[in-house]
Structure formats: C-alpha cells, structure tokens
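Asker: What shape does this take:
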Amino acid sequence: MYAQTLETLATPHITVTECLGDLTVQGSDEPKVIVRVDGEAQDLSLEREGETLTIHTRASCHVTCLAGVTLTVHAVRGDLKVVGIRGPAAIGEVNGDAALRDTGPTTLEHVFGDLNAERVTGRLQAQTVNGDVHVHQAQDEVSLDTVYGDVRIRDGGAAVLQQVTGDLSARRIAGDLRTGRLQGDAHIRQVDGQLVLEQVGSDLRAEGILGGLTANQVGADVWLGPPFSRGVVYRVNAGGNVEIRLSEDASLRLSLRAGGGVRSSIADLTLQEAGAQTTGVIGAGEATLEAQAGGQIALRPLGAAGAAEREFGFDVDLGFLDALKDLGPMIEARIAEAMADMEVRLQEGLSRIDGAQIRLHVERAAEQARRTAERAAEQARREAERAAERARREAEREAERARIRAERAERRWQRASGKRARQEATATDEERLRVLRMLEQGKITLEQANELLAALEGR
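Answerer: Below you'll find the model as predicted:
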C-alpha cells in the first residue's frame, strides 16, 4: 500500500478523474488530505493547484479529507463509498455499487449496481441505476430518472421517480411522492403530501395518504386505507379490483364506477346507482373518493385490528363466496404470470450484472495490456538506442581503420617514388595520440588499439 498526505488551509475541491478499483471517500475534521492506494507509487497520480486536488489511480483508493470538501468523481470501475462528506458531490459513472452515508447534496449519472443512501442532507438525484435503490432518511427531495430494479424509500422528504422497472415501497414521506411509469407493485404508507402515480403496472396498496391521491392507471388491484383527509380528493383507476377500507369516523363522498359491480359492508351507508355510476356519502362527506375499476369495488370497515397492523392484508368477504369456484384458475393464472415476470426480470438482472462485471474485467485487462505495451515499447526503444550507439562506434572505428590504411598506402608510394613527406615523425605522434584517445573514450578496445598502432609502425 502507498499513501500520500497533503496539508490544506481551506476547504479543498477534490476531483477523481478515474479509479480503476474501488473508491472510498471519507470526511474528517483534520485539515489534511490522505490518499491511500492498494498498490505502488506509480499507481497514484496526484496533482495540486492551490486548494484543488486532482487524483487518478490505477488501483483501489481510500481518500480521507475535510468533511466540507466539494467532491467530483468522473469514473469508478469498482464500488464507490462516500461517508461523512457534507459538501456537494457530483458522481459520474460507477461500474459497481454506490453507497452514500451522512452526505450533502449529491448527483449521480450512472450506477451499474445498487444505490444505497442513508442520511443525505440536500437533494439526491440519480439519472440511471441498473440495480436497486434504497434510500433512508433523505431530508430533501429524492429524484430518480430511471431505475431498472426496485426502489425503497424510508423516512424521507419529497420524492420524484420517473421510471421504475421493479417495485416501489415507500413509508413516512414528509412531502409529495410522484412517479411516472412504475412497472411493478407500489406499496405506499404514510405520505404527508400528495401521492401522484401516473402508471402502475401491477398492484397498488396505499394508506395514510394525507395530501390526496391520484392514480391514473393501475394495471391490477388497488387496496386503499384511511385516513381520508377533509377537503382532499382521492382518485384511482384500476384494471382489476378496488378494495377501500373505511374507519368509523370517515367523512367521505363517493363516486364509483366498477365493471364487476360495487359491494358494501359499511353500516348506514346508502349507495345510489345512476347508470354505470354509484354514489354515496359517509358522514359529512368532507373528503372525495373517485374510483374506477375493471373488476369489483368493495367498501369495508377498517376492523378492530387496524389495517396498519396487518401489512395490507385482504380479509375474506362472505359476500364473495359465490366467486370462489373461479378462484383456483385465477390464482394459477396469477402465479404463472408472476413466475414469467420473475424469470424475465431475473434474466435482465443477470445480464446487467454480468455485463457490468465483464466490462470491469475488460477495462482492467485493457489497462494491464496498455501498461505492458508501454513497458515493451520503452524496452524496445532503449534496445534500439543501444544498437544505434554500437553501430555508430563501429562505423567510427571502421572509418579510422580505412583512413590509416589510406595513409599507409600513400606513404608507401612516397617511399617508392622517393618523395618523403615532411615532418613525418610529428604526424606519426599525432596518429598515435589519436588512437590512444579513442581507446580512452571507449570507442575501440585494447586489441583494436594495438592493431592500429601496429599498422602505424608498419609504414
């Protein structure tokens, strides 16, 4: 493991351009930044310009810094964990899971695994999450554009979900809860604001919706429980059955349309039919409930145990005993449909997981191959430089030998012709010094120097 520590005087801005392994960023009260990598010094690139730090790491990395830093992460090839960072955080691409705890406002572009967030102060926004999303105690708005798994939100502020492939489970939401397209089930309990559901692919079970309900399209059944707030409108449109549980102090005005008819076991409730519409008033009629169902609509008392203690249970109504003969085939059809849907979602999940893992392995292998290629290229360059130097020295030696042979031939001609060169001894001394310098510089070996000196003496 390699570590590097930097002192900071102010709140720094930390940017992680890429982490090829897992990344953990943890807040601290000490005015310093400590970067640890599961590797060697060459696996970490750390640049500093004032209070701006830029980090690139080829291995898993752990960063400890002031809690109030501004954090930017471009790409993490493994898992990401951010703990105790109160400043704003902008996350790009996470190939594994992303976990946030005790953080400030955070945005995420793409998480290929699961997203888990706990005690987030400020807006939490994620564009695409391939896995599941679990959010607990997010004080401000949670905004999710596309989630290919399930979504679970507990003890939060407001929430806006554009598209969810799996199920939605939400409890104790202080603000509004709005969804676009939800393909699975929706289990909603205790929303202080409005609950707006554009499209729910399967069942909807909701209670404690204080700010009103709008469920424009529910593919299967709806279970709706109290309280129904005074002066608020509750509106549902279901393809299956609708069951409505009413407390003793309910004050509700009803407007119902059901393809399978409306049944009531509420005492002192008189229903009136006008064509396809059934109306009625409970108490002073201070809240409004509008329900439309492809199947039946059932109005039932809350019961002594209370719906909140039974986890959305469906009680048996003796008035429906005549339909029990069709219950077996209906259950078999529902089970077959659920199993088929489960298989499709399982295959999609496996393909996403495998794809993310394969991509991670491919990217790591590509990085390893790149580093190997760089080392091979550097080794080849050095070998080429050594070969070129050897060739240069050999060329210089050969040129010197050729010059000496030429001078020998010239002196032999001079002796044969009787024309002696002047200052012959001086020229011979200079030639000897030249050979000795070449030997001293390493351009020729001792054996080659002896050959040259012998050639000079042979004149």
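Asker: how about the helices in this structure?
Answerer: Assigned helices in the chain, in chain order: 327-417, 424-440, 446-457 (criterion: DSSP state H).
Asker: So what's the model's average confidence on the longest one?
Answerer: Read it as helix 327-417. Predicted confidence along helix 327-417 averages 63 (mean pLDDT).
Asker: and if you look at stretch 71-86?
Answerer: Summarised as a single mean, pLDDT over stretch 71-86 is 95.
Asker: May I have it exported as PDB, CA atoms only?
Answerer: Taking only C-alpha atoms (Å, rounded to 0.1, in the frame of the first residue of the first chain), the coordinates of stretch 71-86 have been written out as PDB:
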ATOM      1  CA  LEU A  71     -16.200  16.300  -4.400                       C
ATOM      2  CA  THR A  72     -16.300  15.400  -8.100                       C
ATOM      3  CA  VAL A  73     -15.800  11.800  -9.300                       C
ATOM      4  CA  HIS A  74     -15.800  11.100 -13.000                       C
ATOM      5  CA  ALA A  75     -15.400   7.300 -13.200                       C
ATOM      6  CA  VAL A  76     -15.100   4.400 -10.700                       C
ATOM      7  CA  ARG A  77     -14.600   1.000 -12.200                       C
ATOM      8  CA  GLY A  78     -15.400  -0.800  -8.900                       C
ATOM      9  CA  ASP A  79     -17.600   0.200  -6.000                       C
ATOM     10  CA  LEU A  80     -18.000   3.700  -4.600                       C
ATOM     11  CA  LYS A  81     -18.500   4.600  -0.900                       C
ATOM     12  CA  VAL A  82     -18.900   8.200   0.300                       C
ATOM     13  CA  VAL A  83     -19.100   8.700   4.000                       C
ATOM     14  CA  GLY A  84     -19.300  12.000   6.000                       C
ATOM     15  CA  ILE A  85     -18.900  14.400   3.100                       C
ATOM     16  CA  ARG A  86     -21.200  17.400   3.800                       C
END
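Asker: And it, what's buried?
Answerer: With burial defined by 16 or more other CB atoms under 10 Å, the residues of stretch 71-86 counted as buried are 71-73, 75-82, 84-86. The C-beta positions use only the backbone N, C-alpha and C, and glycine is treated the same way.
Asker: What of stretch 296-305?
Answerer: Within stretch 296-305, the residues that qualify as buried are 296-300, 302, counting by 16+ other CB under 10 Å.
Asker: contact partners of stretch 44-64?
Answerer: Defining contact as CB atoms under 8 Å, 6 or more residues apart in numbering, one finds that stretch 44-64 is touched by 2, 4, 6, 8-28, 32-39, 42-43, 78, 367, 371.
Asker: Can you give me the first-to-last residue distance of it?
Answerer: The separation between the terminal residues of stretch 44-64, taken as CA to CA, to the nearest Å, is 15 Å.
Asker: Quick check: buried residues in that stretch?
Answerer: So stretch 44-64, judged by 16+ other CB under 10 Å, has buried residues 44, 51, 53, 55-64.
Asker: Quick one, which of these has the minimum pLDDT?
Answerer: Among the buried residues of stretch 44-64, E51 carries the weakest pLDDT, at 82.
Asker: Next, it: phi, psi?
Answerer: Here the main-chain torsion angles of E51 (degrees, to the nearest 10) amount to phi -100, psi 20.
Asker: Sweet, I'm off.
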